[in-house]
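A.B. asks: just a sequence and a predicted model for now, questions to come.
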Amino acid sequence: MSTKLQNYFNDGANCNIQAVLCLLKNKVGDGVEESWNDKEKYYEADIKVARWENCREQGYIVYLMNKKYEQLNISFFEHRNSDEFCAVKWIQSSVNSLTIETADFDKKVYKDKYDTSVSFSYDQAYKLAEWIFNELTKHWIGEEKDEEVSVL
């Protein structure tokens, strides 16, 4: 079955943010390497993804529960005013994927539309995917300190 190119992957997020999701999916592969359970032969880290909607900021949220039952959430989207790629990172557990209405930023992050955890130029999709992957990996292994993003 074929369709018009502009209708393909039509879930509301723009193609630049979809590219970040595809790069992240490729980077993660089967799972976070540090979560490999050699005895049982599977990756214990279970990264989930859902849509993130905040008016014109359409993107995705990825989340991961670590062994301490702490859930790291990272929403990423193209900023409505600057056209930069942005991500917001916070800890909050939920049975369902979080939305802009259910997220509890606890006045630590995303106090206003310009307060994000990280942002990249619109042509740096790979850098955002790399940053997200590194944050998920650090969360899994218990390193919560922020580090500089390396230039790839």
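C.D. replies: Arrived safely, thanks for sending. Numbering: from 1, shown residues only.
A.B. asks: quick check, Asn54 in contact with Ile100.
C.D. replies: Yes - under the criterion of C-beta atoms under 8 Å, Asn54 makes contact with Ile100 at 4.5 Å. Quick note: C-beta positions are derived from backbone N, CA and C, even for glycine.
A.B. asks: contacts only, for the residue lying closest to Asp115 once chain neighbours are set aside.
C.D. replies: Spatial nearest neighbour of Asp115, excluding adjacent residues (C-beta to C-beta, 6 or more residues apart in numbering): Val109 at 6.5 Å. With contact taken as C-beta atoms under 8 Å, 6 or more residues apart in numbering, Val109 is in contact with 88-90, 115-117.
A.B. asks: which residues does stretch 15-22 contact?
C.D. replies: 9, 11, 13, 49, 58-60, 76-78, 85, 122, 125, 128-129, 132.
A.B. asks: next: stretch 59-68.
C.D. replies: Against stretch 59-68 from outside (C-beta under 8 Å, 6+ apart): 13, 17, 20-21, 24, 32, 44-52, 71-78, 93, 97-98, 132, 136, 139-140, 142.
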